[in-house]
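Model the following, please.
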Amino acid sequence: MNAVELFDLELNILLEAIYQRYHYDFRDYAVSSLHRRVRQAMDRYRCASVAEFQHRLMHEPVLFAQSMHYFTVQVSEMFRDPGYFLALREQVVPVLRTYPSCKVWVAGCSTGEEVWSLAILFQEEGLLDRTVIYATDINPDALTAAEKGVFPVDRIAQFSRSYLAAGGRSSLSDYYSTAYGGALFDRGLKRNIVFADHSLATDAVFSEVHLVSCRNVLIYFKRSLQDRAVGLFHEALVHRGFLGIGSKESLQFGVHAPSFEVLAREQRLYRKIA
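Numbers count the residues shown, from 1 in each chain. The predicted structure is shown next:
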């Protein structure tokens with residue numbers, strides 16, 4: 001057995017141990033991404049092998065909590081891929097207005113940039129007061145950061161450009177105040193946001209929703225877990241509900257592809273048909 005094969009074997013044992021010990025299931029995450037991130041964690045905690053890293057994680061729950069960001073990718077920005085949000089404004093919002101109330105699920109919300117973006121969009125479209133937005137993730141630290149709604153000031157310029165490109169009706173500065181190098185977004189925007197722990201690998205559907213936005217999450221899953229996640233979204237969506245995924249993701253080869261039609265191909269927006 002060569003070094004790569006040994007690493008793969010130890011990695012599989014590590015993921016099984018994490019599942020048994022902490023009930024977080026990373027076993028069907030994309031291997032290439034896990035390889036890179038586990039090696040980064042090993043370097044950070046000075047572990048010479050995956051086996052040593054596993055031993056420490058099993059016996060040091062605090063270390064496992066600190067290591068969560070290595071197993072879950074927390075990369076996001078406000079109004080990322082502006083065309084997606086513009087398509088929501090132009091093609092999805094008019095339909096959502098026909099409902100007396102609306103529910104949105106942001107699955108894998110990371111540190112909250114997309115959640116706050118959607119809250120601003122729905123506020124500008126007059127829908128926020130009758131909408132509940134469920135923001136879910138498996139990383140408790142990410143959820144805490146998402147709920148705070150504070151982002152570094154040096155990221156705001158890019159956020160503002162994307163906001164305008166996404167059809168923003170005002171100035172992004174209308175929605176935040178700055179202090180101590182951070183931009184704190186308006187507390188009123190989260191009045192109808194529910195932040196909650198949820199795993200696409202192990203948990204079930206928790207509500208019926210009109211829109212699911214799960215962007216740049218499926219790309220880190222193996223096909224079997226992608227199918228499980230999309231199955232959850234299909235089950236959660238109302239008849240003719242909407243699903244948005246990341247710009248490098250597709251439903252095309254999944255088992256649930258026949259249950260969706262393409263609404264905006266470039267923006268990866270779909271609509272449930274069955």
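
Tell me where the stretch 51-200 of the chain has helices.
For the stretch 51-200 of the chain, the helices defined by DSSP state H, counting those that start in this stretch cover 61-71, 82-87, 93-96, 113-124, 140-148, 156-165.

Looking at those, which is nearest to Glu249?
helix 82-87 (11.6 Å; Cβ to Cβ). From N, CA and C alone the C-beta is placed, and that goes for glycine too.

I'd like to know which elements the closest one is packed against.
Here helix 82-87 touches helix 113-124, helix 156-165, going by 3 or more Cβ pairs under 8 Å, 6 or more residues apart in numbering; DSSP states H and E.

Tell me which of the ones you listed is the most buried.
helix 113-124 (a mean of 24; mean count of other Cβ atoms under 10 Å).

Can you spell out which helices and strands pack onto that helix?
With 3+ Cβ pairs under 8 Å, 6+ apart as the test, helix 113-124 has helix 82-87, strand 102-107, strand 131-137, helix 156-165 packed against it.

Now do it: everything it contacts.
Outside helix 113-124, the residues that touch it by Cβ atoms under 8 Å, 6 or more residues apart in numbering are 76-80, 85, 88-89, 93, 104, 106, 109, 128, 131, 133, 135, 146, 149, 151, 159, 163, 166, 168-170, 172, 175, 185, 189-190, 192-193, 213, 215.

Using PDB, write out every CA atom in it.
Presented in PDB, the C-alpha positions along helix 113-124 are these (Å, rounded to 0.1, in the frame of the first residue of the first chain):
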ATOM      1  CA  GLU A 113     -23.800  36.600   3.400                       C
ATOM      2  CA  GLU A 114     -26.500  35.100   1.200                       C
ATOM      3  CA  VAL A 115     -29.100  35.100   3.900                       C
ATOM      4  CA  TRP A 116     -28.600  38.900   4.500                       C
ATOM      5  CA  SER A 117     -28.600  39.400   0.700                       C
ATOM      6  CA  LEU A 118     -32.000  37.700   0.300                       C
ATOM      7  CA  ALA A 119     -33.400  39.600   3.300                       C
ATOM      8  CA  ILE A 120     -32.400  42.900   1.600                       C
ATOM      9  CA  LEU A 121     -33.900  41.700  -1.800                       C
ATOM     10  CA  PHE A 122     -37.100  40.600  -0.200                       C
ATOM     11  CA  GLN A 123     -37.300  43.900   1.800                       C
ATOM     12  CA  GLU A 124     -36.900  45.900  -1.400                       C
END
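
Name the nearest residue to Ile13, sequence neighbours excluded.
Gln54 (6.8 Å; Cβ to Cβ, 6 or more residues apart in numbering).

ok so, going back, please indicate which of the contacts of helix 113-124 are buried?
Among the contacts of helix 113-124, those classed as buried by neighbour count (16 or more other Cβ atoms under 10 Å) are 76-80, 85, 88-89, 93, 104, 106, 109, 128, 131, 133, 135, 146, 149, 151, 159, 163, 166, 168, 172, 175, 185, 189-190, 192-193, 213, 215.

what about the most centrally placed residue in the chain, distance to Glu147?
Centroid check for the chain by Cα atoms, centre = their mean gives Gly108 as the closest residue, at 2.4 Å. As judged by Cβ to Cβ, to the nearest Å, Gly108 and Glu147 stand 15 Å apart.

That concludes my questions; thank you for your assistance.
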